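K.L.:
predicted coordinates and the sequence they were generated for:
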Amino acid sequence: MAAPTPPGRYQPVRTAPDANIAAYKTADAAQASTDILPLLASLGLAENGQWTQASETIHWRDGDGWKPSHLHDVRFMEAVKIACETMPDDINDEMDRLVTITDDDVEKGVILSRKVRDINYANAKRRGQDVAPPEVLPPDIELARGRAGVEHNRSDKLDWMFYRRWRLSDGWLSGEESQRALEIFHDPLAQNMRRAVIRERYDGLVMAELGWKPPDKSSAS
């Protein structure tokens, strides 16, 4: 059965001359259709024409419309600290494995990339398409692309670790708890937490995507 269509919508806006929900700290002002206002109120997210304190961390999960000001929030930084200090052994071991990229890993990535490229070319020729032969790259560029591919794959696996096993309110879930919990797919908050934890645990790590840096701890307020 298809999910029901929401009765209305709300649109976050930076400047909101027609806003009917006022800003609250990191939660921007918003325009909401009148039929969705009671729903937001019943969920405890809006009250008396303003977002509530409880709504703030809900907004942190919106990757498009809301400014990422929660990265400076002491609650976010404290959650980073707790995630690092209470990390289960199995998460710790898997994280260590995923952030460690060896020359052999890169070489395997290059070989896989060549194989995929050659298969795609052969399939295109088989379909009668007029395609140029695969480009022969200089070794240094091929290795750089191979490493970037491995990094992207590893960061994706790390994200899924946080989607399944980490929650802002509960911290790390046990394996059993994660089986009962609702998975939050492609959660921007979990991605930001993953990046912050990686930066905290592996100082100086140089990886194209994993090297994202949150605000300095001194800027949290």
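P.N.:
The structure has been received and is ready for your questions. Numbering: from 1, shown residues only.
K.L.:
for Asp103, grab the count of nearby residues.
P.N.:
Counted with other CB atoms under 10 Å, the burial measure for Asp103 works out to 9 neighbours. (Glycine included, C-beta is placed from N, CA and C.)
K.L.:
for it, give me the pLDDT.
P.N.:
The predicted structure scores Asp103 at 93 on the pLDDT scale.
K.L.:
what do you get for Arg75?
P.N.:
Residue-level confidence at Arg75 comes out at 88, pLDDT.
K.L.:
now Gly204
P.N.:
The predicted structure scores Gly204 at 70 on the pLDDT scale.
K.L.:
quick one: the strands in this structure?
P.N.:
Counting by DSSP state E, the chain has strands at residues 10-12, 30-32, 46-47, 50-51, 166-167, 171-172.
K.L.:
just checking: what are the partner strands of the last one?
P.N.:
Right, the one you point to is strand 171-172. With DSSP bridges as the criterion, the sheet partners recorded for strand 171-172 are strand 166-167 (antiparallel).
K.L.:
contacting residues around the strand it pairs with?
P.N.:
Applying CB atoms under 8 Å, 6 or more residues apart in numbering, the external contacts of strand 166-167 come out as 83, 172-173, 181, 190, 193.
K.L.:
so where is this structure shaky, pLDDT-wise?
P.N.:
For the chain, the stretches flagged by pLDDT under 70 are 1-17, 63-69, 206-221.
K.L.:
for ChimeraX, what selects the buried ones among the contacts of strand 166-167?
P.N.:
Written as a ChimeraX command, the selection of buried residues from the contacts of strand 166-167, which uses 16 or more other CB atoms under 10 Å, is:
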select :83,172,173,190,193
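K.L.:
format the contacts of strand 166-167 as a markdown table; extra columns: distance to Val110.
P.N.:
A markdown table is the format used below for the contacts of strand 166-167 (distance: CB to CB, whole Å):
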| residue | distance to Val110 |
| --- | --- |
| Ala83 | 34 |
| Trp172 | 35 |
| Leu173 | 36 |
| Ala181 | 38 |
| Ala190 | 30 |
| Met193 | 31 |
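K.L.:
among the contacts of strand 166-167, which are in helices?
P.N.:
Among those, the residues falling in helices (DSSP state H) are 83, 190, 193.
K.L.:
still on that earlier bit, ok, which of the strands of the chain comes nearest Lys108?
P.N.:
Set against Lys108 and scored by CB to CB, the strands of the chain come closest in strand 166-167, at 28.7 Å.
K.L.:
quick check: phi and psi on the closest residue to His70 other than its chain neighbours?
P.N.:
Leaving aside its chain neighbours, His70 sits nearest to Trp60 (4.4 Å; criterion: CB to CB, 6 or more residues apart in numbering). With angles defined as degrees, to the nearest 10, Trp60 sits at phi -60, psi -20.
K.L.:
what's the local residue count around Trp60?
P.N.:
Counted with other CB under 10 Å, residues neighbouring Trp60 total 24.
K.L.:
for it, give its distance to Gln191.
P.N.:
Between Trp60 and Gln191 the distance, using CB to CB, to the nearest Å, works out to 11 Å.
K.L.:
with Glu176 instead?
P.N.:
Taking CB to CB as the measure, Glu176 falls 25 Å from Gln191.
K.L.:
so those two - more neighbours on which side?
P.N.:
Shown here are Glu176 and Gln191; by other CB under 10 Å, Gln191 has more neighbours (18 against 8).
K.L.:
I'm done for today, thanks for sticking with me.
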